[in-house]
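*Asks:* Sequence first, then the predicted structure, then my questions.
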Amino acid sequence: MTSIALKSFVGLRQSSPEKNPHFTTTTQAKPLTFTVQNPRKLRVVAGKFSPKVAGRNLRVAVIGGGPAGGSAAETLVKGGIETILIERKLDNCKPCGGAIPLCMVGEFDLPLDIIDRKVTKMKMISPSNVAVDIGQTLKPHEYIGMVRREVLDSYLRDRAKENGATVINGLFLKMDMPKEENSPYVLHFTEYDGKVGGVGVRKTLEVDAVIGADGANSRVAKSIGAGDYEYAIAFQERVKIPDDKMVYYENLAEMYVGDDVSPDFYGWVFPKCDHVAVGTGTVTHKGDIKKFQLATRNRAKDKILGGKIIRVEAHPIPEHPRPRRLAGRVALVGDAAGYVTKCSGEGIYFAAKSGRMCAEAIVEGSEKGKRMVNEGDLRKYLEKWDKTYWPTYKVLDVLQKVFYRSNPAREAFVEMCADEYVQKMTFDSYLYKRVVPGNPLDDLKLAVNTIGSLIRANALRREMEKLSV
Amino acid sequence: MASIAISASLQRAYSSYHIAKKQQPQPKLARSLGTKQASTNAVTLKVEGQTSLGVTEQVQDKSGSRIDELGNAENTAKDGAETESSGMKFTDQRWKNGIWDLNMFVKDGKVNWDGLIVAEATRRKFLELFPEAATNQDPVLFKSSIIPWWAWLKRSYLPEAELLNGRAAMVGFFIAYAVDALTGLDVVGQTGSFICKAGVFATVVGVILFRRTKDFDNLKKLADEATLYDKQWQSSWQDQKEKKV
Ligand SMILES: Cc1cc2nc3c(=O)[nH]c(=O)nc-3n(C[C@H](O)[C@H](O)[C@H](O)COP(=O)(O)OP(=O)(O)OC[C@H]3O[C@@H](n4cnc5c(N)ncnc54)[C@H](O)[C@@H]3O)c2cc1C
């Protein structure tokens, strides 16, 4: 039925000549009035008096139906915008650890039954196998949610659909840029009718603005020349382990650090619905990823003994935002923009959040779909995003640089994590994405302790170097 | 770099165990994982082909081919790495139940901390070469913090310790708070003391590196590295500025 909706929709758009004159007149009128002014001023003025969209509401396409796309579409459609979401695979099971912070459940109103597991114990394991449970300060109602991505993604998409968004099962191919100000973008895509193995039908669609939420290999980013980012490769195996072994992972996740499991990230064992996900990632030594994966498996060996690998997956994780996240009326969100944190490799919440924030900027800029939007309106989203989250990204980048860089640093890191104050701060900032200001005395103590740990670990390192010579 | 040399020499030292272990039957996990591996790979490849639906772009291509290689390479890689950790376990009669037995380090009625430092360094070295599985049965309980500070100092870590404790802690801490104060309530409100901590950590590392590599080139590299991330973030705004001009 989506295809029917689409057909009538495309037809309407193409055979509605009365709208085109509307656009042409406005675009012609403007240069006349403002030709001599500088372009910057022109934009501001145009923003204030951006033309009304006549006879319909603003029409926005969301490319990609992951957490970024799903939440963007929901916010758009609730804000009175005609929303079309294009997802290439509706039962997509994105390779992902699936850990989400507690605040996401509340902020996105997620029903509890899509959360497979509530993790309350997080073990950090150092290169010399010192294990620290960093979940000791959690309050009874606090947990890290573990979701299956196919469940979460389709839930968010369906909710957008229930609110009136059109969901198309199609592969976005490219888009034609508007030749004149305020004229539509033409999207080219292949629509699938749901039959497996069907080749699909090529179609086009005209929209006023585009949100690119199509993940790390974003085609939308490519079409606007957004540039590339550094990426980490993450590798993950789903391992079905015997029931008696699963008991241990009931509500516990493990993070392994060490040169053996990854030179610049961590290896993990996350509990899933009925199995565990064992994985690792790296930016600097991508060619060795299999070696690291094996090392991760070996470190968890006793606990996953007898396990069967039921699925192997690999996927890039962006390291930083793309040089351009915005061009004209096209904005990137989620992995397409590059919003994964360093250190923890977290991206689901940030994808959903950025999708929503971008959609809010469009809703606001268009006065609930009544007016045309422009780059200035979309830029509000970037401004707000960077203002809200840049410090978080920066801090995690610094932490990763300091603590994931060498084995002594990792030993110090794990030692530090045994500290209750650190645990509280870490979990508060992870679970709620806000930081309660610390207590200066505790901060000082922490600073001294951290320095102590680093010195000790480095001293031991030098001792280790002496051993060989 | 240094560690590579070490690993080579230690490898030799332990090679007799190593070979002996190799011939023993592989642990059960390795086998069951190994056999499953081959079949899963074939399946995965197909899935991968479907999910990408022709979206084989640069990055995906790479990851895809890596999975591809896995089929052939996995077995060899497995052999190599599996033996590395196949039951090689650190043993030392002074290491008991995940902790150094301090009684065994007593010399003239006093704990020989130097000996303990060397013993722990040896253990860590061993684990770097032969990573061990972390088990719940025998957890590691030893903490380097039980070694008193003067024991580290005595082993001629004095200059660094003094420098770090004194200069870095102070400088770092005040810089962090100064940054906080200077940048205004906004940053304080948003990041609270985490920014301070990050500042402290950055300073400490800066000082360690500075002491080690006194040459300018490395410092510059450090500065570049420290600011790279900021630059990457700011590029979306430069874009706009250019347009404005
Ligand atoms: C192994 C691994 C483990 C991870 N673990 C965690 C974790 O535990 N916690 C966490 O928070 N984050 C984790 N992440 C990061 C997280 O997966 C991403 O940040 C998050 O999925 C980003 O969401 P998104 O909506 O931006 O993109 P995606 O989830 O990648 O969604 C993009 C969607 O767009 C669709 N699409 C792509 N191209 C097209 C096209 N041309 N036409 C139509 N549709 C298209 C795709 O099918 C997909 O559904 C992990 C990542 C990896 C690789």
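*Replies:* Okay, I see it.
*Asks:* element containing the closest residue to residue A:107 other than its chain neighbours?
*Replies:* Spatial nearest neighbour of residue A:107, chain neighbours left out: residue A:353 (7.8 Å); criterion: Cβ to Cβ, 6 or more residues apart in numbering or on different chains. (Glycine included, C-beta is placed from N, CA and C.) Element membership of residue A:353 [criterion: DSSP states H and E] is helix A:348-365.
*Asks:* Return the backbone torsion pair for the residue of the stretch 151-300 of chain A found nearest the ligand.
*Replies:* Proximity to the ligand, evaluated over the stretch 151-300 of chain A using Cβ to the nearest ligand atom, is greatest for residue A:215 at 2.7 Å. The phi/psi pair for residue A:215 (degrees, to the nearest 10) reads phi 80, psi -170.
*Asks:* ditto for residue A:459
*Replies:* Torsion angles, degrees, to the nearest 10, at residue A:459: phi -60, psi -40.
*Asks:* just residue A:99 next, same as before
*Replies:* The phi/psi pair for residue A:99 (degrees, to the nearest 10) is phi -90, psi 130.
*Asks:* Over to residue A:179?
*Replies:* phi -80, psi -30.
*Asks:* What is the burial count for it?
*Replies:* Neighbour count for residue A:179, taken as other Cβ atoms under 10 Å in any protein chain shown: 7.
*Asks:* related to what we said a few turns ago, what is the neighbour count of the residue of the stretch 151-300 of chain A closest to the ligand?
*Replies:* 26.
*Asks:* That one against residue A:65, yeah?
*Replies:* No. Counting by Cβ atoms under 8 Å, residue A:215 stays clear of residue A:65, with 10.0 Å between them.
*Asks:* pLDDT of stretch B:136-149, averaged?
*Replies:* If you average the pLDDT over stretch B:136-149, you get 87.
*Asks:* So which residues make contact with that stretch?
*Replies:* A:128-131, A:248, A:302-303, A:411, A:415, A:452-453, A:456-457, A:460, B:97-100, B:113, B:116-117, B:120, B:134, B:161 (Cβ atoms under 8 Å, 6 or more residues apart in numbering or on different chains).
*Asks:* Point out where chain B drops to low pLDDT.
*Replies:* B:1-87, B:156-226, B:239-245 (pLDDT under 70).
*Asks:* scratch that, chain A
*Replies:* Applying pLDDT under 70 to chain A flags the ranges A:1-49, A:194-197, A:435-438, A:468-469.
*Asks:* Pull up the distance across stretch A:343-352, start to finish.
*Replies:* End-to-end distance for stretch A:343-352, by Cα to Cα, to the nearest Å: 19 Å.
*Asks:* is that stretch anywhere near chain B?
*Replies:* No. Stretch A:343-352 does not reach chain B (Cβ under 8 Å from any Cβ of the partner chain); its nearest approach is 11.0 Å.
*Asks:* how about that stretch: buried residues?
*Replies:* A:343, A:344, A:345, A:346, A:347, A:348, A:349, A:350, A:351, A:352 (16 or more other Cβ atoms under 10 Å in any protein chain shown).
*Asks:* wait, which of the residues you listed is closest to residue A:94?
*Replies:* residue A:348 (9.5 Å; Cβ to Cβ).
*Asks:* Identify the residue spatially nearest to residue 93, adjacent ones excluded.
*Replies:* Using chain A here. Per Cβ to Cβ, 6+ apart, closest to residue A:93 is residue A:150, 4.3 Å.
*Asks:* oops, chain B please
*Replies:* residue B:104 (7.2 Å).
*Asks:* where does that neighbour land in three-state SS?
*Replies:* helix (DSSP: H, G, I helix; E, B strand; the rest coil).
*Asks:* cool, and residue A:274?
*Replies:* Assigned by three-state DSSP, the conformation of residue A:274 is coil.
*Asks:* contacting residues around it?
*Replies:* A:240, A:246.
*Asks:* wait, the residue nearest to residue A:93 sits on residue A:91?
*Replies:* Yes. Under the criterion of Cβ under 8 Å, residue A:150 makes contact with residue A:91 at 5.9 Å.
*Asks:* re the thing from before, for the residue nearest to residue A:93, grab phi and psi.
*Replies:* Residue torsions, per degrees, to the nearest 10, at residue A:150 are phi -60, psi -30.
*Asks:* show me what contacts it?
*Replies:* Contacts of residue A:150 by Cβ under 8 Å, 6+ apart are A:91, A:92, A:93, A:94.
*Asks:* swap in residue A:400?
*Replies:* Neighbours of residue A:400 in contact, by Cβ under 8 Å, 6+ apart: A:264, A:342, A:343.
*Asks:* and the helix or strand containing residue A:460, anywhere near chain B?
*Replies:* Using DSSP H and E, residue A:460 sits in helix A:440-468. Yes. Against chain B, helix A:440-468 shows contacts by Cβ under 8 Å from any Cβ at A:440, A:443-444, A:446-448, A:450-461, A:463-468.
*Asks:* Quick one, which of those residues are buried?
*Replies:* Buried subset of those (neighbour count, 16+ other Cβ under 10 Å): A:443, A:446-447, A:450-461, A:463-464, A:467.
*Asks:* now for the helix holding residue A:460, which elements pack on it?
*Replies:* With contacts defined as 3 or more Cβ pairs under 8 Å, 6 or more residues apart in numbering or on different chains; DSSP states H and E, the packing partners of helix A:440-468 are helix A:407-417, helix A:420-432, helix B:2-23, helix B:113-129, helix B:149-152, helix B:158-162, helix B:169-182, helix B:193-212.
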